[in-house]
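> No letters, just coordinates:
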């Protein structure tokens with residue numbers, strides 16, 4: 001073979017190797033990823049970026065939810081006329097009964113207001129509410145959150161209480177113009193001041209994450225608490241109005257190695273089935289949106305005391 005001519009199967013080695021090695025690139029990428037995670041967790045540097053991304057992908061989420069919504073509407077229109085007539089009659093009967101009960105409740109409410117005036121105490125006249133629909137659900141082991149289709153354009157603010165038809169579901173932790181993210185009460189980073197409706201015993205209900213249960217913190221062993229007791233909001237956090245149902249006691253267990261009673265409760269809200277929620281405004285409250293937004297980004301840690 002003539003000199004200076006390479007065979008066809010010969011490999012030409014580059015004279016220079018450009019750029020760092022693949023191993024170095026992987027290590028650098030891991031360091032940058034860990035740095036971003038720590039910065040976002042401790043200082044919330046990426047909240048603005050996350051909010052912009054959520055606003056940008058909202059049309060995609062709306063489009064993804066549209067087929068299911070159209071299917072539900074089509075299914076509802078296929079209901080027979082006879083069933084609708086029967087349902088209408090039942091609703092009229094229930095409405096009549098509820099109106100009769102409402103007259104009694106209004107009388108009791110007026111009497112209660114008069115008694116409070118005599119005692120010189122204040123009274124909050126109800127709450128203003130807004131209905132929202134759940135767009136997406138995130139019930140991963142690390143988070144218990146849902147996304148709703150109401151945002152700051154509807155007056156929603158971070159820290160706002162969220163309920164379903166049964167009980168308290170959670171609170172808004174992030175509000176965008178067209179949607180909001182709700183942290184459920186079962187999330188491991190959420191805790192809520194509650195009281196036993198039967199005797200007024202106050203405690204903290206902390207989320208247990210994937211089990212979708214609540215744990216009552218710091219219950220003395222001589223405390224009067226029983227299986228089946230209803231837990232309601234105490235209003236001590238000045239965020240959730242008092243008196244709303246939260247959960248029912250499921251388990252009461254005494255552990256010799258634990259100075260407190262282990263109490264597990266089951267939320268009464270339909271966290272995994274509700275499609276619509278209620279956003280609540282306290283009539284007497286004037287929320288500072290900037291303050292509430294900052295407070296809501298800080299989890300209600302399990303060591304918070306009532």
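Looks like it came in fine. Treat the numbers as computed from the prediction; the structure is a model and nothing was measured. Residues are numbered from 1 along each chain as shown.
> This protein: helices as residue ranges?
Counting by DSSP state H, the chain has helices at residues 22-43, 47-77, 81-119, 289-296.
> dump the residue contacts of residue 233.
168, 192-195, 240-244, 246 (CB atoms under 8 Å, 6 or more residues apart in numbering). (Glycine included, C-beta is placed from N, CA and C.)
> Most neighbours among the residues you listed, which one?
residue 194 (30 neighbours; other CB atoms under 10 Å).
> residues contacting that residue?
Residue 194 is in contact with 202-205, 216, 231-234, 246-247, counting by CB under 8 Å, 6+ apart.
> between those residues, which has the most around it?
residue 231 (29 neighbours).
> wait, doesn't it sit right on residue 266?
No: with contacts counted by CB atoms under 8 Å, residue 231 stays clear of residue 266, the gap being 9.9 Å.
> Overlap of the contact sets of the two?
Joint contacts of residue 231 and residue 266 (CB under 8 Å, 6+ apart) are 214, 247-248.
> Turn those residues into TSV, columns for distance to residue 222 and pLDDT.
Shown next, in TSV, are those (distance: CB to CB, whole Å; pLDDT from 0 to 100):
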residue	distance to residue 222	pLDDT
214	22	96
247	22	95
248	22	95
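> of all those residues, which comes closest to residue 175?
residue 214 (24.8 Å; CB to CB).
> is the closest one in a bridge, and if so with what?
Judged by DSSP bridges, the bridge partners of residue 214 are residue 207, residue 265.
> any idea how far it lies from residue 231?
8 Å (CB to CB, to the nearest Å).
> Kindly report the same for residue 191.
Taking CB to CB, one finds residue 191 at 13 Å from residue 231.
> joint contacts of these two?
Joint contacts of residue 191 and residue 231 (CB under 8 Å, 6+ apart) are residue 205.
> one step back: want to try CSV for the shared contacts of residue 231 and residue 266, with distance to residue 96 as columns?
Shown next, in CSV, are these (distance: CB to CB, whole Å):
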residue, distance to residue 96
214, 38
247, 33
248, 31
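> Out of these, flag the one nearest to residue 144.
residue 214 (11.3 Å).
> Could you list which residues are in contact with the closest one?
Contacts of residue 214 (CB under 8 Å, 6+ apart): 185-186, 205-208, 231, 246-247, 264-267.
> quick one, domains of this protein?
22-77, 87-123, 128-306 (automatic domain parsing).
> Could you say which of the ones you listed is packed most deeply?
domain 128-306 (a mean of 18; mean count of other CB atoms under 10 Å).
> Please state the offset of that domain from the chain centre?
The chain centre lies 7 Å from the centre of domain 128-306; the measure is CA atoms, centre = their mean, to the nearest Å.
> How far does stretch 156-167 stretch from one end to the other?
19 Å (CA to CA, to the nearest Å).
> Which residues does that stretch contact?
Stretch 156-167 is contacted from outside by 130, 132, 148, 150, 168-175, 180, 182, 239-241, 244-247, 267-270, 274, 276-281, 287, 289, 292-293, 295-297, using CB under 8 Å, 6+ apart.
> can you rerun that using 7 Å?
150, 168-175, 180, 182, 239-241, 244-246, 267-270, 274, 277-280, 287, 289, 292-293, 295-296 (CB atoms under 7 Å, 6 or more residues apart in numbering).
> quick one: contacts for residue 184?
144-146, 169-170, 271.
> Among those, which has the minimum pLDDT value?
Note: of the contacts of residue 184, the lowest pLDDT belongs to residue 271, at 87.
> Am I right that that residue is in contact with residue 169?
Yes: taking CB atoms under 7 Å as the definition, residue 271 is a contact partner of residue 169 at 6.3 Å.
> Please determine how far the nearest residue to residue 274 once chain neighbours are set aside is located from residue 262.
Closest residue to residue 274 apart from its sequence neighbours, by CB to CB, 6 or more residues apart in numbering: residue 164 at 4.1 Å. Noted for residue 164: a distance of 27 Å to residue 262, by CB to CB.
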